[in-house]
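1. One predicted model, sequence on top.
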Amino acid sequence: MGELTVFTLPEELNGLAIANPTLIYKTLFEAAWATLNQFGKTEGMQLGMIAILHTWGQNLSLHPHLHCIVPGGGIDHHGKWKKKVRTDKYLFSVKAMSKVFRAKFVASLRTCGITDRDLMDKLFSKNWVVYAKRPFGGPKQVIEYLGRYTHKVAISNHRIKEVTDKEVRFGYKDYRKGGEKKEMTLSHVEFIRRFSLHILPRRFVRIRHYGILSSSWKRGKLQALQSDLKIKIPEVKPKTLLNKCRCCKEGNLVTIAIFGQRGPPQDFLFVTQTLSAK
């Protein structure tokens, strides 16, 4: 099954990310895919990747990183499925990928005219972080993961503990101390400044598909691969808009309103008052 690989940029690039987010985040996508693609070709297979950009840390600091879902194998030169070669639980060595990822990212910066000697020395003087998580247990786990991460924002409502005339207090996890739960208080200005760091450039695509998981590849070759692997595609039955009452089993339930899972109280009040007026 597929695994999760996370590519993280070092803090030395934060200044460039603020000054030119389109360049830095675009390069992050390209360098991550180029790294995985190179390792896949070395093993004689074409890989795929679904990449999701996150720019924040738990305390709203700038922390650009890419969550990548990668299948546990790829397509060989004959168009056949090939499983991963490594006998351990990960697709490739994260230490090896870290070095290649760093080299490809820095090379792209130089191509774009960013050649500051001091910056380059700092980037090459430290180890870059490529992190691999345990492979997913099955398709259900992949869907659940995507559901949690694809449309997240820098901070959710439930993490905000208190808002006063001057400050905002919110909860966060300190992963440097094993995920210890802490609270932080910021002024209104600082809170808004940090939150604004994570507003992406207009029309920037933060979820991208590559290789055998791209739409162009799937349109032409996915059906043949599924047939070769004897994968049975379950028939999807369209759901009716009417559902039977779970109590009497006779009457039909009709959806008239959907409340946000963590929406603000005023949204709930507005919807209920609107329905009552009808």
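-> Yep, it's here. Being a predicted model, the structure only gives us computed values, none of them experimental.
2. CA only for contacts and neighbour counts going forward, please
-> Noted.
3. mind listing the strands for this structure?
-> 3-8, 48-56, 62-70, 73-75, 81-83, 129-132, 160-163, 167-174, 180-187, 207-211, 243-244, 252-253 (DSSP state E).
4. Counting residues, which helix of this structure comes out longest?
-> helix 21-42 (DSSP state H).
5. where does the stretch 101-250 of the chain have low pLDDT?
-> Within the stretch 101-250 of the chain, the stretches with pLDDT under 70 are 135, 238-242.
6. From the centroid of the protein, which residue is nearest?
-> Note on the chain: the residue nearest the mean C-alpha position is residue 52, at 2.9 Å, using CA atoms, centre = their mean.
7. what's near enough to touch that one?
-> Counting by CA atoms under 8 Å, 6 or more residues apart in numbering, residue 52 touches 66-68, 149-150, 206-208.
8. Could you dump those into CSV and include distance to residue 92?
-> Listed next are these as CSV, based on distance: CA to CA, whole Å:
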residue, distance to residue 92
66, 17
67, 16
68, 14
149, 23
150, 24
206, 24
207, 23
208, 21
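9. Please determine how far residue 38 is located from residue 227.
-> Counting by CA to CA, to the nearest Å, the separation of residue 38 from residue 227 is 28 Å.
10. More neighbours: the two, which one.
-> residue 38 (16 against 11; other CA atoms under 10 Å).
11. Tell me the backbone dihedrals of residue 45, please.
-> Main-chain dihedrals, residue 45, degrees, to the nearest 10: phi -150, psi 150.
12. what's the neighbour count on it?
-> Residue 45 has 23 nearby residues by other CA under 10 Å.
13. can you check residue 67 too?
-> 23.
14. For it, which residues are in contact?
-> Contacts of residue 67 (CA under 8 Å, 6+ apart): 4-7, 51-54.
15. How much space separates it from residue 16?
-> Note on residue 67: its distance to residue 16, by CA to CA, is 21 Å.
16. do residue 112 as well
-> 12 Å.
17. count of residues packed around residue 185?
-> If we define neighbours as other CA under 10 Å, then residue 185 has 15 of them.
18. beta partners of it?
-> With DSSP bridges as the criterion, residue 185 is bridged to residue 169.
19. Report the contact partners of it.
-> 167-170.
20. Widest-spaced pair of these?
-> Across the contacts of residue 185, the longest distance by CA to CA is 10.0 Å; it joins 167 and 170.
21. Settle it for me: which of the two has more neighbours?
-> residue 170 (20 against 14).
22. wait, isn't the more buried one in contact with residue 157?
-> No: using CA atoms under 8 Å, residue 170 is not in contact with residue 157; the gap is 9.3 Å.
23. Give me the phi and psi angles of residue 9.
-> When quoted as degrees, to the nearest 10, the phi and psi of residue 9 stand at phi -90, psi 140.
24. May I see the strands of the chain arranged in a markdown table, with distance to residue 201 as well?
-> Below are the strands of the chain laid out as a markdown table (distance: least, CA to CA, whole Å):
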| stretch | distance to residue 201 |
| --- | --- |
| strand 3-8 | 19 |
| strand 48-56 | 12 |
| strand 62-70 | 14 |
| strand 73-75 | 33 |
| strand 81-83 | 38 |
| strand 129-132 | 25 |
| strand 160-163 | 25 |
| strand 167-174 | 26 |
| strand 180-187 | 25 |
| strand 207-211 | 14 |
| strand 243-244 | 42 |
| strand 252-253 | 42 |
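25. among those, which is nearest residue 219?
-> Here strand 207-211 is closest among the strands of the chain (CA to CA), at 12.1 Å.
26. Now do the closest one against strand 48-56: the angle between them, please.
-> Put simply, strand 207-211 runs at 150 degrees to strand 48-56, going by axes from the mean of the first three to the mean of the last three CA atoms, to 10 degrees.
27. List the contacts of strand 207-211.
-> Strand 207-211 is contacted from outside by 33, 46-53, 150, 215, 217, using CA under 8 Å, 6+ apart.
28. Would you mind checking those for buried ones?
-> Among the contacts of strand 207-211, those buried by neighbour count (16 or more other CA atoms under 10 Å) are 33, 46-53.
29. Widest-spaced pair of those?
-> 46 and 53 (22.5 Å).
30. can you list the domain ranges for the chain.
-> With domains defined by automatic domain parsing, the chain comprises 3-153+198-228, 243-277.
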